[in-house]
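> here are the coordinates; sequence isn't available:
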């Protein structure tokens, strides 16, 4: 099962939220957070999925994931993301993609750092920077 699963009904009202998982199936985040900083990390084996239900608007967003089974290490799938500083790190030892982004994103400063056997970073979305 998932190490951590945050479904769409969950709304965080806090200045800093840190979610860390170490599991075979990884972390799934579909919640809402509107202030502060958000850190999501899973350096286990299953990677991280930010689902299309996620609504993230924060100062600093840091996502770090790893996958060993052919999953994507970080998969941002249809979420709405607004951040001042965005850092996405993916490490994939299997056949998956280190970082896959299919989402509407807006940020001032962003870094995508992917390491993979096949595709390191794949972005298929509208990204606004400014």
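Nice, thanks for sending it over. Worth saying up front: this structure is predicted, and the values here are computed from it rather than measured. Residues are numbered from 1 along each chain as shown.
> shaky segments in this protein?
Scanning the chain for pLDDT under 70 picks out 1-3, 5, 7-10, 12-14, 129-130.
> And the helices in it, which stretches?
Counting by DSSP state H, the chain forms no helices at all.
> Where do the strands of it begin and end?
4-6, 11-12, 16-21, 27-29, 32-33, 37-42, 48-50, 55-67, 74-92, 99-116, 121-123, 127-129 (DSSP state E).
> Check which residues of the longest one are buried.
This points to strand 74-92. For strand 74-92, burial by neighbour count (16 or more other Cβ atoms under 10 Å) applies to 74-77, 79, 81-83, 86-92. (Glycine included, C-beta is placed from N, CA and C.)
> looking at the strands of the chain, which is buried most?
Highest mean neighbour count of the strands of the chain: strand 48-50, a mean of 28 (counted as mean count of other Cβ atoms under 10 Å).
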